[in-house]
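Asks: Quick one: sequence plus predicted model below, questions after.
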Amino acid sequence: MKAKSELNLNAARQNGTDYSGQRFSVISIANGSHLTDCNFRGIHATKGCLGAGKRPSVYTGCVFDGSTLKGDGLDPGRATFVSCSFLDVKLSHLNFMDAEFVDCVFSGTLESVTFSADPWARDAELGRTVNRYEGNDFTAARMQDVDFRGGIGLGLQRLPEGGDYLVVRDAAAVLKAAVQEIETWADTDEREEALSTIDTLEFDVQGGQRDLFMDTAFVTDGLSPEAAGRLLAVFRRS
């Protein structure tokens, strides 16, 4: 295993640079850096920022296959990923609030990850009022507690559906129907548990999401098999 190292790039231009297999104590890609066809296979990063500074950094055709990127100490920042590969990755506890992804492909595990089309800040340096999410393929990824929010068009992505996952179209109407179903339940505790889940989903709808993606465990947690089945039936009818 390689020793830990730091990677600090500021307004850099790189093409085809190989960083594969490195364990970064700190990674900082900053101030409009442009990385093209760079190799980040198997890297491990838990501290730093992938898009630091005011000007967004852009990754084009870069490969992150087999990498581990973990939040808490790692901020995605203002990063744009175009035609990048994230196969067999471990992405966890990451909030992509000022980042964007176009024509990227994912597999491996995504856990506690938020993607947002609505930037935290809309300043001149960011240069956009909407983060682009188009043409991304998540079909081979294992996704737990993954949230698409802020108006991401789920119809522009490829997402896993069926089994452990739900893609709910026209979510506002479906949530209304779900509330009507829940209000018929006799068990008070189950009603409160399910209505709390609906409140969380409505937050995303009010924030601009027309369609919702979720894992079924998020919907069924705390419910009896009968109640879970009835609620899932409402969602799946969408």
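Replies: Yes, it's here. Numbering: from 1, shown residues only.
Asks: rest of the way, CA atoms for contacts and neighbours
Replies: Noted.
Asks: mind giving me the domain split of this protein?
Replies: Here the domain parsing of the chain from automatic domain parsing is 1-160, 161-238.
Asks: So which of those is the most surrounded?
Replies: Comparing the domains of the chain by mean neighbour count (mean count of other C-alpha atoms under 10 Å), domain 1-160 ranks first with a mean of 20.
Asks: Centre of the chain to it, how far?
Replies: Centre-to-centre, domain 1-160 and its host chain are 10 Å apart (C-alpha atoms, centre = their mean, to the nearest Å).
Asks: pLDDT at the closest residue to residue 17 other than its chain neighbours, what is it?
Replies: Nearest residue to residue 17 in three dimensions, chain neighbours excluded: residue 38, at 4.8 Å (C-alpha to C-alpha, 6 or more residues apart in numbering). Residue 38 carries a pLDDT value of 98.
Asks: Residue 38 reaches residue 13, doesn't it?
Replies: No: Residue 38 is beyond contact range of residue 13, at 10.7 Å (criterion: C-alpha atoms under 8 Å).
Asks: packing partners for the longest helix seen in the chain?
Replies: Once the chain is assigned using DSSP state H, the helix that runs over the most residues is helix 188-206. Packing partners of helix 188-206 (3 or more C-alpha pairs under 8 Å, 6 or more residues apart in numbering; DSSP states H and E): helix 171-182, strand 212-215, helix 216-220.
Asks: May I see the ones you listed organised as CSV, with distance to residue 77 and mean pLDDT added?
Replies: Converted to CSV, these look like this (distance: least, C-alpha to C-alpha, whole Å; pLDDT from 0 to 100):
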stretch, distance to residue 77, mean pLDDT
helix 171-182, 29, 96
strand 212-215, 23, 95
helix 216-220, 27, 92
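Asks: and residue 236, which of those is closest to it?
Replies: Proximity to residue 236 (C-alpha to C-alpha) singles out helix 171-182 among these, at 9.3 Å.
Asks: Residues contacting the closest one, please?
Replies: Applying C-alpha atoms under 8 Å, 6 or more residues apart in numbering, the contact partners of helix 171-182 are 168, 191, 194-195, 198, 201-202, 205, 209-212, 230-231, 234-235, 238.
Asks: ok and that helix relative to helix 188-206, angle-wise?
Replies: In terms of direction (axes from the mean of the first three to the mean of the last three C-alpha atoms, to 10 degrees), helix 171-182 departs from helix 188-206 by 170 degrees.
Asks: Before I go, just wanted to say thanks for your time.
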